[in-house]
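Colleague: Return a 3D structure for these sequence lines:
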Amino acid sequence: MTATTDSCNSATATARPRSAGSLTERAERTAARAVEHLLARQDAAGWWKGDLETNVTMDAEDLLLREFLGVRDERTTQEAARFVRSQQRADGTWATFHGGPGDLSTTIEAYVALRLAGDAPHEPHMERASAWVREQGGVAASRVFTRIWLALFGWWRWADLPEMPPEIIWFPKWFPLNIYDFGCWARQTIVPLTVVCAKRPVRPAPFSIDELHRDAARPNPARRMASPASWEGFFQRLDRGLHAYRKVGSRSLRRAALRSAARWIVERQENDGCWGGIQPPAVYSLIALRLLGYDLDHPVMRAGLASLDRYTVRYETTGGEDGESGAARMVEACQSPVWDTCLATVALADAGVPADHPALVKAADWMLGEQVLRRGDWSVRKPQLPPGGWAFEFHNDSYPDTDDTAEVVLALRRVRHPDQGRVDASVRRAVRWGLGMQSRNGAWGAFDADNDSPFPNRLPFCDFGEVIDPPSADVTAHMVEMLCAEGRRADPRVRRAVTWLLAEQEASGAWFGRWGVNYVYGTGCVVPALVAAGLSPTHPAMRRAVGWLESVQNGDGGWGEDLRSYRPGHEQEWAGRGTSTASQTGWALLALLAAGERDSLAVEQGINWLTRTQREDGSWDEPHFTGTGFPWDFSINYHLYRQVFPLTALGRYLHGDGTGAATWRQEER
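Modeller: This next block holds a predicted model:
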């Protein structure tokens, strides 16, 4: 399929043949083409944004939301259905990432979306899907969120879902399972869902889905409870108690809790109408507010619905058994302009684009304007800390993150900006905020400090992926790299972080990647950070990392890693193993180059792979998902990763690691 907004998806472009000349000459030509391609993609306002592709639950839930609110139209439905059909696998299932196995909940939601679009249960593609769902246990075996969507239309009983009372909005921050014990993405989703689950609405079902149950007469067969001595058994019994509380609790107390939840939701709506810049809180917030009496023409509701339309990417697609073609509509889970812009700026600067190039100055101006200067939910745990971070999206002032903040600072320091005083002031705020967000163990999570309670993940309600935000090696590495670039190498807080990173190294020599796939990403982040912190390339940790990267290099010279390396019990089988991709090859090369391996055979083969596989337009193909939302449960294909990380690696191969780009500023200050 071809995205009208993303030339990297062009089906007509082809990889260019290997050209003659030395490896350095080929790398220079490859980098020049990539620079030209990336510069051409910059928006006039200064930012870059690639499509953010996830899975078809976004599209299915968008249709279900519109059906629930009574605003679903035929054009939207058919365009979404074309995209959903184009993603169906030959066995009738839908996966959560390219080349992945069928996923039960995703397949159920996609199937129901196609039923809304008019696809009949007896059509071959639908029969294959429903048969597979029954084989896997039917709707009863799906995740809680899928069954909530079905309950909205009476396809599942609300009483058979885990309970999450809205009264948790009042739990103090020291109390277990208060809303700030959850990661920001889960918190924003759970608060409106407590409203939905308290109200238990049922809209008329437009059709039956009996074919998705193993036994339509008994869609939810009884299951044995776990031992009360286990955590699972404890939380199962807690859920049973919450169901009992629903029957005997004070009605006035419940109404007051719903009002508090509504205020919490409305206060966190962003300027563009969305919530947190991501799709799940937006759809559930709209449903919750509608149930609390907000009309569709209320400004909050109008802005929320309009924001979802801005998360739409339109394609021309061919898919399905009949070769169906036409306009298709993909819903992004969120958008990544800040992240894409800082990574693109670093890539271009490292590739030799002059520091005062107009494109880089314009990008810096845009990034400076995006700094978040008001307090968000992070301040609940850090009430005295002044703001100063950056968020991932266009509009998300409630939830800046340390990862974007670190990379934006590194990007700003690669630009020779005409107002250096403005840049310095912005960076000082960012450094202060970033240091203040350090967790007790010396490392950093993405959105909150010390968000590592063991309890939220154990709730029966929370089976939809990671719901806490503990420190990770990749985020900590980016913070260390940034702080060292700002002259903080000797800061005790940085030294604590370095000690934590060294302790987190796997026995194999790799590091786990929380926000990118996976060990290749983690290692690609940590090694350059440790070098920036002063570790010698001869340090044992560095040699183990180099040895691991060399051991998992593919025979074609590239690197790849399948998302199954996140799946419990399969980590070692898949760690560093998978089809070579441009972004993962870039990550591996960044680590090897930082570790002093520029003249090694592994680097030579990796650079060769990038020069061989580049397309005529200067980009690379990458259908594989190399970004991580929740390890294993929610995967992302960032369409700009295939451009920025290979270019950064090529630039550092040709010009060094980029640290010299900031040296003149250090001297000037």
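Colleague: Can you list the low-confidence ranges for the protein?
Modeller: The chain contains residues with pLDDT under 70 at 1-20, 318-323, 658-669.
Colleague: Pick out the residue closest to the middle of it.
Modeller: Closest to where the C-alpha atoms of the chain average out (C-alpha atoms, centre = their mean) is Gly629, at 3.5 Å.
Colleague: Where does that residue sit, in terms of helix or strand?
Modeller: Taking DSSP states H and E as the definition, Gly629 sits inside strand 627-630.
Colleague: now swap in Ser583 and tell me
Modeller: Per DSSP H and E: Ser583 is located in helix 582-594.
Colleague: chain center to that helix, what's the gap?
Modeller: In terms of C-alpha atoms, centre = their mean, to the nearest Å, the gap separating the centre of helix 582-594 from the centre of its chain is 20 Å.
Colleague: cool, stretch 485-497 as well?
Modeller: 28 Å.
Colleague: Now Cys334: phi and psi?
Modeller: Dihedral angles phi and psi of Cys334 (degrees, to the nearest 10) take the values phi -160, psi -180.
Colleague: what's the spacing between it and Phe145?
Modeller: Separation of Cys334 from Phe145 (C-beta to C-beta, to the nearest Å) stands at 17 Å. C-beta here means a position set from N, CA and C on the backbone, and glycine is covered the same way.
Colleague: where along this structure do the strands fall?
Modeller: Ranges of strands in the chain, per DSSP state E, are 2-3, 52-53, 312-319, 324-331, 627-630, 634-638.
Colleague: Please export the C-alpha coordinates of the strand holding Gly629 as PDB.
Modeller: What follows is strand 627-630, C-alpha atoms only, in PDB (Å, rounded to 0.1, in the frame of the first residue of the first chain):
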ATOM      1  CA  GLY A 627       9.500   0.500  18.100                       C
ATOM      2  CA  THR A 628       7.900  -0.600  21.400                       C
ATOM      3  CA  GLY A 629       4.900   0.700  23.200                       C
ATOM      4  CA  PHE A 630       4.500  -2.200  25.600                       C
END
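Colleague: what sits against the closest residue to Ala113 other than its chain neighbours?
Modeller: In space, and not counting its chain neighbours, Ala113 is closest to Ala60: 3.7 Å by C-beta to C-beta, 6 or more residues apart in numbering. Shown in contact with Ala60 (C-beta atoms under 8 Å, 6 or more residues apart in numbering): Ala80, Val84, Glu109, Ala110, Val112, Ala113.
Colleague: Of these, select the buried ones using a PyMOL command.
Modeller: Selecting only the buried entries of these in PyMOL, with 16 or more other C-beta atoms under 10 Å as the criterion:
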select buried, resi 80+84+109+110+112+113
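Colleague: Adding distance to Ser398, write the contacts of Ala60 out as TSV.
Modeller: Formatted as TSV, the contacts of Ala60 follow (distance: C-beta to C-beta, whole Å):
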residue	distance to Ser398
Ala80	29
Val84	31
Glu109	27
Ala110	31
Val112	31
Ala113	30
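Colleague: just checking, which of the contacts of Ala60 belong to helices?
Modeller: Among the contacts of Ala60, the ones falling in helices (DSSP state H) are Ala80, Val84, Glu109, Ala110, Val112, Ala113.
Colleague: Going by distance to Glu167, which of these wins?
Modeller: Of all the ones in helices among the contacts of Ala60, Glu167 sits closest to Glu109, with 29.4 Å by C-beta to C-beta.
Colleague: what ranges do the helices span in the stretch 401-550 of the chain?
Modeller: In the stretch 401-550 of the chain, the helices defined using DSSP state H, counting those that start in this stretch lie at 402-412, 420-436, 473-485, 492-504, 519-532, 540-552.
Colleague: residues touching the residue of the chain positioned farthest from its centre, list them.
Modeller: The outermost residue of the chain relative to its centre, with distances by C-alpha atoms, centre = their mean, is Val248 at 40.1 Å. Contacts here follow C-beta under 8 Å, 6+ apart; on that basis Val248 touches nothing.
Colleague: how long is stretch 590-607 end to end?
Modeller: End-to-end span of stretch 590-607 (C-alpha to C-alpha, to the nearest Å): 11 Å.
Colleague: By neighbour count, which bits of that stretch are buried? Give me those.
Modeller: Buried-residue list, stretch 590-607, by 16+ other C-beta under 10 Å: 590-595, 597-598, 602-603, 605-607.
Colleague: Just send those residues back as TSV, with distance to Pro206 too.
Modeller: What follows is the buried residues of stretch 590-607, written out as TSV (distance: C-beta to C-beta, whole Å):
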residue	distance to Pro206
Leu590	51
Ala591	52
Leu592	56
Leu593	57
Ala594	56
Ala595	59
Glu597	60
Arg598	62
Ala602	57
Val603	58
Gln605	56
Gly606	53
Ile607	56
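Colleague: tell me which of the residues you listed is nearest to Gln88?
Modeller: Nearest to Gln88 among these, with distances taken as C-beta to C-beta, is Gly606, at 34.8 Å.
Colleague: you'd agree Met482 is up against Gly434?
Modeller: Yes. Using C-beta atoms under 8 Å, Met482 is in contact with Gly434, at 7.1 Å.
Colleague: List the residues that are in contact with both of the two.
Modeller: Any residue near both Met482 and Gly434 by C-beta under 8 Å, 6+ apart counts here, and that gives Thr405, Ala406, Val409.
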